[in-house]
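# The following block contains a protein sequence and its predicted model.
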Amino acid sequence: MHQIIVHAFVDQVAVVEVLFASQDKEKVRAKFQELQAKLPNDYLAIYDLPLDMDLDTLSHYPSAEISKEDFE
């Protein structure tokens, strides 16, 4: 199982990006803590990322909700 760190923020535009991926859970946690300190006002989340899986069939998958107002 891989884990990814997703980062979402709104500046001039809304951005959702994957910042880190690893199979090593300790590395993911350490990187997440580093990013939380660096980006305290942004959305950060760790997701389990199974391989060879249609992610939208899962009850929750890597995503961030962005409202229409975020694009105005």
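Yep, that arrived. Numbers count the residues shown, from 1 in each chain.
# now the strands for this structure?
2-10, 14-22, 43-49 (DSSP state E).
# buried stuff in the shortest one?
Same thing as strand 43-49. Using 16 or more other Cβ atoms under 10 Å as the test for burial, strand 43-49 gives 44, 46-47, 49. All C-beta spots, glycine's among them, are computed from the backbone N, C-alpha and C.
# And it, what does it pack against?
Packing contacts for strand 43-49, counted by 3 or more Cβ pairs under 8 Å, 6 or more residues apart in numbering; DSSP states H and E, involve strand 2-10, helix 25-38.
# Tell me which residues are up against that strand.
1-9, 21, 28-29, 32, 35-36, 55, 61-62, 64 (Cβ atoms under 8 Å, 6 or more residues apart in numbering).
# Which residues in stretch 11-23 does the neighbour count mark as buried?
Phe20.
# out of the contacts of strand 43-49, which are buried?
Among those, the ones that count as buried by 16+ other Cβ under 10 Å are 3-9, 28, 32, 35, 62.
# Could you export those as CSV, including distance to Lys68?
Formatted as CSV, the buried ones among the contacts of strand 43-49 follow (distance: Cβ to Cβ, whole Å):
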residue, distance to Lys68
Gln3, 31
Ile4, 26
Ile5, 26
Val6, 21
His7, 21
Ala8, 15
Phe9, 17
Val28, 32
Phe32, 29
Leu35, 27
Pro62, 21
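# Distance to Val15 and pLDDT added to these, as TSV?
Listed next are the buried ones among the contacts of strand 43-49 as TSV, based on distance: Cβ to Cβ, whole Å; pLDDT from 0 to 100:
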residue	distance to Val15	pLDDT
Gln3	20	94
Ile4	16	93
Ile5	14	95
Val6	11	92
His7	8	92
Ala8	7	88
Phe9	6	87
Val28	21	98
Phe32	18	98
Leu35	14	97
Pro62	14	64
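# which one of those residues sits closest to Val16?
Ala8 (4.5 Å; Cβ to Cβ).
# isn't that closest one right up against Val15?
Yes - using Cβ atoms under 8 Å, Ala8 makes contact with Val15 at a distance of 6.8 Å.
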